[in-house]
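[1] predicted model follows, preceded by the sequence.
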Amino acid sequence: MRAQPAVILQARLASVRLPAKALAPVGGRTILHRCITRLMSSGVGPVILATTDTPADDVLALVASRLGAWVYRGDADDVLARMCGAAEAYDVDPVVRATADNPAVDPGAPGRLIEALRTSGADYAREDGLPIGAGVEAITAAALRASAGLATSTYDREHVTTFIRANAAPQRLRLLPPPAALRQPSLRLTVDTADDLDWIRELFFRADVDEPSVAQLIAAATQTMRQAA
């Protein structure tokens, strides 16, 4: 059976700056719910929640399962091993890596990156210029396995793709421009702090649609900043 592409969404409740943020509501849905449904709508393949094997994260696994996502549970601190384990358990290739602090992830990004890998033969791809938190990364299963076997630093084990980005030959990496309408690299659409959470809630409220696009959120942010000026 041929491996299929999939989105692997890493998440855990433990967070130093904003504990349990994956379950924080934004526009009536949790951040985790929004991440999963937006990534599912990309249409590239299944969404797999890669969470930890600690009891505290049982609730994340339950939410993901109820939404129709697949679940893999692994090491709490070695995120690279957890992602690699999820890819191997479900025979995924290539992997789209996403994180569960991005309720405004662009549903079109996974497909664009998988196509970039397919046409270029590269091992890794990402778009530079999207709002912070709107993008994802794509990596081949072989490159993910190689990284898991070779990376030794805690930083590389935590951040998953830093090893391949630092060590791969330039021709094996693809850094792409996003669609022009979505180019807004200074705009924060990620949730790391309580201030970020307040900001993203404000943008979803101003967008005033059930599931706003990144373009609609950019417009809402532009309007908000003009009014505050």
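    Arrived safely, thanks for sending.
[2] from here on, contacts and neighbour counts on C-alpha atoms
    Noted.
[3] so the residue nearest the centre of the chain: helix, strand or coil?
    Nearest to the mean C-alpha position of the chain, by CA atoms, centre = their mean, lies Ala98 at 1.8 Å. What DSSP: H, G, I helix; E, B strand; the rest coil gives for Ala98 is strand.
[4] hmm, Gly133 and it touching each other?
    No: contact criterion CA atoms under 8 Å: Ala98 and Gly133 do not qualify, at 9.4 Å.
[5] from one end of stretch 184-198 to the other, what's the distance?
    One end of stretch 184-198 to the other measures 20 Å (CA to CA, to the nearest Å).
[6] who touches the residue nearest to the centre of the chain in this structure?
    7-10, 135-137 (CA atoms under 8 Å, 6 or more residues apart in numbering).
[7] residue boundaries of the strands in the protein?
    4-10, 25-26, 29-30, 47-52, 70-74, 92-99, 124-127, 137-139, 173-176 (DSSP state E).
[8] and the angle from the fifth one to strand 4-10?
    Here strand 70-74 runs at 60 degrees with respect to strand 4-10, directions being taken by axes from the mean of the first three to the mean of the last three CA atoms, to 10 degrees.
[9] give me the mean pLDDT for strand 70-74.
    What strand 70-74 shows for mean pLDDT is 98.
[10] with the second one instead?
    Along strand 25-26, the predicted confidence averages to a pLDDT of 97.
[11] parallel or antiparallel, which strands does it pair with?
    Note on strand 25-26: by DSSP bridges, its sheet partners are strand 29-30 (antiparallel).
[12] sorry, back to before: so which of the strands of the chain is nearest Phe204?
    Of all the strands of the chain, it is strand 25-26 that lies closest to Phe204, at 7.3 Å by CA to CA.
[13] what comes into contact with that closest one?
    31, 197, 200-201, 204.
[14] rerun at 7 Å
    The set of residues external to strand 25-26 that reach it, using CA atoms under 7 Å, 6 or more residues apart in numbering, is 31, 201.
[15] kindly report the same for stretch 166-174.
    Residues outside stretch 166-174 that contact it (CA under 7 Å, 6+ apart): 122-126.
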